[in-house]
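Visitor: Need the 3D shape of this:
(2 chains)
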Amino acid sequence: MTESRDKGLALTDITIGLNGRTLLRLSARVAPGAVLTVMGPSGSGKSSLLAYIGGFLDPAFVASGSCRVDGLELTSLPAEQRHAGLLFQDPLLFPHMSVAANIAFAVPPSVRSRAERRAIAERALAEIELAGFGDRDPDTLSGGQKARVALQRVLVSQPRLLLLDEPFSKLDMALRDQARQLVFDRANAAGLPVVLVTHDEADAAAAGGAVFEMRAA
Amino acid sequence: MALAARPTGSLSFVRLAPGLTLAVLLLPIAFGLAATFLPAFGYLPALGGTELTLAHFESLFAMPAIWRSAALSLLTGVVTAGVSLLIVMLFVAGWAGTRTFARLQHAVSPLLAIPHAAAAFGLAFLIAPSGFLVRLAAPWAGIERPPDWLIVNDPLGLTMMAGLVAKEMPFLLLVTLAALPQVKRAETMQLVSAFGYGRIAGFLFTLWPQVYRQIRFAVYAVIAYATAVVDVAVILGPNLPAILPVRLLQWMNDPDLSLRFLASAGAVLQLGVTLGALLGWLVIEQVASSICAALRGRGLRMVRERMLRIAALAATGTTAVLVFGGIALLALWSFAALWQFPAILPDAFTLSTWQRALPRILEPLAVTLGAGALSTAIALCLTIACLEQEARTGRVAGRRAMLAIYLPLIVPQIAFVFGLQVLFLASGTDQRFAALVFVHLVFVLPYVFLSLSDPWRAFDRRYDLIAAGLGRSRLALLLKVRLPMLSRAVLTAAAVGFAVSVGQYLPTVLIGEGRLTTVTTEAVALAAGGNRRVIGVYAFLQTLLPFLAFAIASLAPALLWRNRRAMRP
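Guide: Numbering: from 1, shown residues only, chains lettered A, B, ... in the order given. Below is the predicted model of the structure:
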């Protein structure tokens, strides 16, 4: 059994630099279900933190430091074994797959039967009030519906943590509050530590967790 | 962003792909050139040549009119490239951004798919003394018999150059169109027109140098191709003397094997001719850029450019009309019954030419399809693996890699494929079809790579990151996300590769040696006979194959993704 103090995400002595300039120096703990918000103007390199944790940092950056989730060191794993669920400002549903196939694509390979993967996808759709939308072309959904499908796609993949890169910035004002609520509630329910990168104060307020401010570049 | 995934076993092919691709591109050139050079200096043990000697060069230079042949080849290369580039430059400068430009661009791009030989036959049918244009003029000019003009096969090779321009101009235009998005055209043009420059002068002074820097390899490829072209030269080019590569091919395929030494020496001369044309072009580049700088220095505005713009438009449009008209004539002739001279249309249509030709065409057709499909499939696998490796390491192929990709298009085919033929014979294997596929691959691969690399690199990398974050492997990502989403680009690249393979004449003749023939080699072989109906069948079929490939490439994704709105082009 892992000890409870190991639960959640532990970022220790993370340093990210580019062209000999240090962009970011950070140590933080994010408890399961909690949110760490990283704020900074665009171009400050705040997304590089997500890239470092997720395992897709451009080789041009120099980065060091440890990322542990529930005691497991992520930095020694390739991206596809880190299970760091990503959400971007665009929902990025795979345009060639049906809505259900998008979600089924994310179901862990331990679920072998096609029917069962499909059933998981349908249940995930029902949870966000999109039951019966499985066979639809994702491009025919509204912006808010797409964002919800993208969230469910990440969640069924059983991620260890969520990395959010300004995920609400392209939504209408009216939808934005709803979407924030949904994402943070579900991350909390699933006990996932969340790292949110944003330049919107309202996102930080809604997230309610620790805030890390980046300097302007 | 690069996915710092460590290589897994199933993808080790991907890691090897760049090296393998370079080997496919460069080794045949290296070995082929070596096997061409050694016999030129007398070394070819299989034919009893063991001593180094210059005797073969002496007999080469003693051949009648050899220098005239060489000079004609050199001139063909420079003139073809110069005229093609001039038309493209003026057309793009004068019309880019207009609706006319967009419309003509769509009309010109299919020209690229038409094989050289078919385009040349079509042109010949159009402009020959008994051809369609003279028939059109006959009632007005009172012509009753085909006039005795030497238009096709003229001694200066002007018709041949026109035929080459008709094919190379569309190629350079498409390459230029691909380079245009890299420059800020609209903004720059607004700026320079505010300074009072005309479209053409403004474009040439500011944007053209940047554009030209990106397309110069393609221009060199055109020069090299046109100095060493065989199929178009056999159909449209001068006889007695023919240009150098045509004469070389006669010696290479002569039943008297001792002529191979002469052919080798000639291939070395050909290399020199192509090199000379390229060097001459470098001089022209310098002169043109100084002239341009001098005109710019004098503040030339060229506000009255209407005539020049119209001329560029007319040249581009005429090319499209001539080539498409020629292809239509090929089809017409293949179905024509009696069709006497001044008549504009045949008396009747018949299937009999096709029926008679079909039994003999099936085997070459099978070879054409087989070699095309296999070489394209291998080229696609290598290209996708290279691009995948690029995406994984974040290192994009640099300038030197681009040169390697263009090299098979710049080194004259005849100079190294002849060496490959010698090596093939010396190896004693009978795997002729495999050798044919491999030689086609050398020429298909560059085009497939050039066609697929831009869309592959432009793919939104965030899809990769999402899929990796979902725990899916690189391979699953490639097969289930990248390839389906890029299916249109992949199939287009495949169609380009297939079209290139179908159009290959010289490598097919040299490696096939008459025992393996394709629709293309059969069509060119008919040139001397002059039976327009049979030529029509072969040349039209030769055009049809690449068009079918392009039709599949555009219809299949439309059908496959008919219910996916975001997958529409």
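Visitor: drop to CA atoms for contacts and neighbour counts, all remaining ones
Guide: Noted.
Visitor: Which residues of chain A lie near chain B?
Guide: A:54-59, A:78-87, A:92, A:94-97, A:106, A:108, A:137-140, A:154, A:157, A:159 (Cα under 8 Å from any Cα of the partner chain).
Visitor: again, only this time at 7 Å
Guide: Contact residues (Cα under 7 Å from any Cα of the partner chain) of chain A with chain B: A:55-58, A:78-86, A:92, A:95-96, A:106, A:137, A:139, A:154, A:157.
Visitor: Could you tell me which of those residues belong to helices?
Guide: A:Ala79, A:Glu80, A:Gln81, A:Arg82, A:Val154 (DSSP state H).
Visitor: Skipping its backbone neighbours, what lies nearest the third one in space?
Guide: So the one you mean is A:Gln81. B:Gly471 (5.8 Å; Cα to Cα, 6 or more residues apart in numbering or on different chains).
Visitor: Mind giving me the packing neighbours of the helix ranked longest in chain A?
Guide: Assignment by DSSP H gives helix A:173-190 as the longest helix of chain A. The helices and strands touching helix A:173-190, judged by 3 or more Cα pairs under 7 Å, 6 or more residues apart in numbering or on different chains; DSSP states H and E, number zero.
Visitor: Which residues does it contact?
Guide: Residues from elsewhere that reach helix A:173-190 (Cα atoms under 7 Å, 6 or more residues apart in numbering or on different chains): A:Gly33, A:Ala34, A:Gly144, A:Phe168, A:Ala206, A:Ala207.
Visitor: What's the local residue count around the nearest residue to the second one once chain neighbours are set aside?
Guide: Here the nearest residue to A:Ala34 in space, its sequence neighbours aside, is A:Pro193; by Cα to Cα, 6+ apart that works out to 5.4 Å. Neighbours of A:Pro193 under the rule other Cα atoms under 10 Å in any protein chain shown: 27.
Visitor: For A:Pro193, give me the backbone phi and psi.
Guide: A:Pro193 adopts backbone torsions of phi -70, psi 140, taken as degrees, to the nearest 10.
Visitor: State the number of residues packed around B:Leu72.
Guide: By other Cα under 10 Å, the residues close to B:Leu72 number 21.
Visitor: In helices, which of the contacts of helix A:173-190 appear?
Guide: Filtering the contacts of helix A:173-190 for helices - DSSP H - leaves A:Gly144, A:Ala206, A:Ala207.
Visitor: State the number of residues packed around B:Ala357.
Guide: With other Cα under 10 Å as criterion, B:Ala357 counts 14.
Visitor: repeat for B:Ala186
Guide: B:Ala186 - counted by other Cα under 10 Å - has 10 other residues nearby.
Visitor: Skipping adjacent residues, who's closest to it in space?
Guide: Nearest non-adjacent residue to B:Ala186 (Cα to Cα, 6+ apart): B:Gly97, at 7.7 Å.
Visitor: now the helices for the stretch 201-350 of chain B?
Guide: B:208-227, B:231-236, B:244-252, B:259-297, B:306-334 (DSSP state H, counting those that start in this stretch).
Visitor: Would you mind giving those helices as JSON lines with mean neighbour count, mean pLDDT and distance to chain A added?
Guide: Below are these laid out as JSON lines (neighbours: other Cα atoms under 10 Å in any protein chain shown; pLDDT from 0 to 100; distance: least, Cα to the nearest Cα, whole Å):
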{"stretch": "helix B:208-227", "mean neighbour count": "21", "mean pLDDT": "93", "distance to chain A": "25"}
{"stretch": "helix B:231-236", "mean neighbour count": "25", "mean pLDDT": "93", "distance to chain A": "43"}
{"stretch": "helix B:244-252", "mean neighbour count": "23", "mean pLDDT": "93", "distance to chain A": "49"}
{"stretch": "helix B:259-297", "mean neighbour count": "19", "mean pLDDT": "93", "distance to chain A": "37"}
{"stretch": "helix B:306-334", "mean neighbour count": "19", "mean pLDDT": "93", "distance to chain A": "36"}
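Visitor: and of the ones you listed, who's closest to B:Phe57?
Guide: helix B:259-297 (5.6 Å; Cα to Cα).
Visitor: distance between the closest one and the chain's centre?
Guide: The chain centroid and the centroid of helix B:259-297 are separated by 19 Å under Cα atoms, centre = their mean, to the nearest Å.
Visitor: Just the angle for it relative to helix B:208-227, thanks.
Guide: 160 degrees (axes from the mean of the first three to the mean of the last three Cα atoms, to 10 degrees).
Visitor: Quick one: list the elements packing against helix B:259-297.
Guide: On a contact count with 3+ Cα pairs under 7 Å, 6+ apart, helix B:259-297 meets helix B:12-40, helix B:55-61, helix B:66-95, helix B:208-227, helix B:244-252, helix B:413-427.
Visitor: sorry, back to before: out of the ones in helices among the contacts of helix A:173-190, which one sits closest to B:Trp67?
Guide: Nearest member of those to B:Trp67, counting by Cα to Cα, is A:Gly144, at 74.4 Å.
Visitor: any idea how far A:Phe133 is from the spatially closest residue to that closest one that is not a sequence neighbour?
Guide: Leaving aside its sequence neighbours, A:Gly144 sits nearest to A:Leu175 (Cα to Cα, 6+ apart; 6.6 Å). The gap separating A:Leu175 from A:Phe133 is 20 Å, by Cα to Cα, to the nearest Å.
Visitor: And for B:Asp454?
Guide: 35 Å.
Visitor: which of these two has more neighbours?
Guide: Between B:Asp454 and A:Phe133, counted using other Cα under 10 Å, A:Phe133 has the larger neighbour count: 16 against 13.
Visitor: quick one: pLDDT of the more buried one?
Guide: pLDDT for A:Phe133: 95.
Visitor: Can you classify it by secondary structure?
Guide: With DSSP: H, G, I helix; E, B strand; the rest coil as the basis, A:Phe133 sits in coil.
Visitor: Next up, the contacts around it.
Guide: A:Phe133 neighbours (Cα under 7 Å, 6+ apart): A:Val99.
Visitor: Quick check on it: phi, psi?
Guide: Note on A:Phe133: its backbone torsions stand at phi -90, psi 0 [degrees, to the nearest 10].
Visitor: now swap in A:Pro95 and tell me
Guide: Per degrees, to the nearest 10, the backbone of A:Pro95 is at phi -70, psi -20.
Visitor: And the closest residue to it other than its chain neighbours, how far from A:Pro138?
Guide: Excluding its sequence neighbours, the residue lying closest to A:Pro95 (Cα to Cα, 6+ apart) is B:Ala566, at 5.7 Å. Between B:Ala566 and A:Pro138 the computed distance is 8 Å (Cα to Cα).
Visitor: Mind checking which of the two has more residues around it?
Guide: Remark: of B:Ala566 and A:Pro138, A:Pro138 carries more neighbours, 27 against 16, as counted by other Cα under 10 Å.
Visitor: Strands along chain A, start to end?
Guide: Remark: strands assigned in chain A by DSSP state E are A:9-18, A:21-30, A:35-39, A:61-69, A:72-73, A:84-87, A:161-165, A:194-198, A:210-213.
Visitor: Perfect, that will be all.
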